[in-house]
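Visitor: heads up, no residue letters with this:
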């Protein structure tokens, strides 16, 4: 046998050994180690792990439709955490994960998904754009973009007898894209429309592989799907995801809850009119700081309808969480939507919409100060959370000043997640102008 043949044989033997380690020995060893510590779960299946069971449970819930008064979309989005894992994992809550890295997914060169030193470098570059002085100046841009959107609504109202149905989720996607385009890149949504369409396509591509078996090296093959992903990924930056997609869904779910609870719509409208003035006034940053009820309302919206329903971290070292020893390299999934409904953390009314729980702030709303995880927590928390909250307050305040609204009879309450949580069939709403 020649040198080349020996080389090939050695490479194949090495590949086979690594495959056995990663697909047989390591998963079974981790399963035995965790079960010995009281952490249960489904049996490991060769190559596919628990993906088959997870897909089955999600498939069972995919056709569910909820009553508008219900916020329990876990059977649709996270049925596997409720049925399989949560009972034995919840005592690990509140423990710090040392040496954690970013989530497993696309866009590995962005701030959201990078790890260790690369993440620190990105943070150093991006952080100055989100300081409070810069955000104060951005408020004007946010209100200008919102005013432009509402001017279009006024035109529609004028042509349809003062009452119009508007599909809000798409409008908010365009609005938040316009805001991030102006504030971060000095352009507009129309100028960068192709980038946002590319981001949407990349989001669906990424989600389509989320519950699929990932073969090492397969993502580098010249398949049609991989080529499209590489091409789109170059166009999609962290700013567009963090500053556009999640904020648009926060606005969407806030408007859903305001329409479903007209008493809160009136309470917030009174607060806005007192702090910001009537229909012709534009809220300033100082005015927005006075909107305490609106702030509580947004936090409760984030608790029940967090734009991101789960995050993942990789253990960079061997560590211990809640008395459970976790080996280096293990992927830890943090099911935000499930945690936000845990009655042991949030109390017996965890399933109910009650903004008053945030009256004393987010850190005192639950039994653990970091229980609200919509923007994550710790050093890897979302750098754009203040940006998102200011934008949401600006837009909601301006809508409350100018319009009354209610759910359209066409609305179907079926929250679903395509990386971010969104209404499966959109959010059609009926608008009336408050202008005299």
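Guide: All right, it came through fine. A quick note: this is a predicted structure, and the numbers were derived from the prediction, not measured.
Visitor: can you list the weak-confidence ranges in the stretch 101-250 of the chain?
Guide: The model of the stretch 101-250 of the chain has pLDDT under 70 over residues 101-133, 184-244.
Visitor: Give me the distance between the two termini of stretch 41-56.
Guide: Length of stretch 41-56, first residue to last, Cα to Cα, to the nearest Å: 16 Å.
Visitor: Roughly how far does residue 359 sit from residue 39?
Guide: Note on residue 359: its distance to residue 39, by Cβ to Cβ, to the nearest Å, is 36 Å. For glycine as for every other residue, the C-beta is placed from the backbone atoms N, C-alpha and C.
Visitor: Those two: which is more packed in?
Guide: residue 39 (19 against 11; other Cβ atoms under 10 Å).
Visitor: phi, psi of that one?
Guide: Backbone torsions of residue 39, given as degrees, to the nearest 10, read phi -100, psi 110.
Visitor: Just the pLDDT for it.
Guide: On the pLDDT scale, residue 39 is placed at 78.
Visitor: so it makes contact with residue 325?
Guide: No: counting by Cβ atoms under 8 Å, residue 39 sits too far from residue 325 to count as a contact (10.1 Å).
Visitor: nearest residue to the residue nearest the centre of the chain other than its sequence neighbours?
Guide: When the chain is reduced to its mean C-alpha position, the closest residue under Cα atoms, centre = their mean turns out to be residue 308, at 2.0 Å. Leaving aside its chain neighbours, residue 308 sits nearest to residue 420 (6.0 Å; criterion: Cβ to Cβ, 6 or more residues apart in numbering).
Visitor: List the residues that contact that neighbour.
Guide: 203, 245, 246, 249, 307, 308 (Cβ atoms under 8 Å, 6 or more residues apart in numbering).
Visitor: how close does it sit to residue 367?
Guide: 27 Å.
Visitor: Tell me if I am right that residue 9 is in a helix.
Guide: Yes: the assignment for residue 9 (DSSP: H, G, I helix; E, B strand; the rest coil) places it in a helix.
Visitor: Burial check on it, number of neighbours?
Guide: The local packing of residue 9 (other Cβ under 10 Å) involves 11 other residues.
Visitor: again, but for residue 65
Guide: 11.
Visitor: One more: residue 434?
Guide: Residue 434: 15 neighbours (other Cβ under 10 Å).
Visitor: Tell me who's in contact with it.
Guide: 279, 401, 402, 403, 404.
Visitor: can I see the domain layout of the chain?
Guide: 1-36, 38-433 (the TED database).
Visitor: ranking the ones you listed by burial, who's on top?
Guide: domain 38-433 (a mean of 17; mean count of other Cβ atoms under 10 Å).
Visitor: which strands and helices sit next to the helix ranked longest in the chain?
Guide: Longest helix in the chain, counting residues (DSSP state H): helix 132-159. Identification of packing neighbours for helix 132-159 by 3 or more Cβ pairs under 8 Å, 6 or more residues apart in numbering; DSSP states H and E yields strand 163-167, helix 168-180, helix 285-288, helix 385-402, strand 428-433.
Visitor: Wait, residue 294 touches residue 398, no?
Guide: No: using Cβ under 8 Å as the test, residue 294 is too far from residue 398 to be in contact (11.6 Å).
Visitor: So what sits opposite residue 321 in the bridge?
Guide: Beta-bridge partners recorded for residue 321 (DSSP bridges): residue 324.
Visitor: would you list the contacts of residue 434 in JSON lines and tack on distance to residue 160 and pLDDT?
Guide: Shown next, in JSON lines, are the contacts of residue 434 (distance: Cβ to Cβ, whole Å; pLDDT from 0 to 100):
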{"residue": "279", "distance to residue 160": "19", "pLDDT": "80"}
{"residue": "401", "distance to residue 160": "21", "pLDDT": "96"}
{"residue": "402", "distance to residue 160": "16", "pLDDT": "96"}
{"residue": "403", "distance to residue 160": "14", "pLDDT": "97"}
{"residue": "404", "distance to residue 160": "15", "pLDDT": "96"}
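Visitor: Just flag the most distant two among those residues.
Guide: 279 and 404 (11.6 Å; Cβ to Cβ).
Visitor: Please tell me how far residue 152 sits from residue 143.
Guide: Where residue 143 is concerned, residue 152 sits at a distance of 15 Å (Cβ to Cβ).
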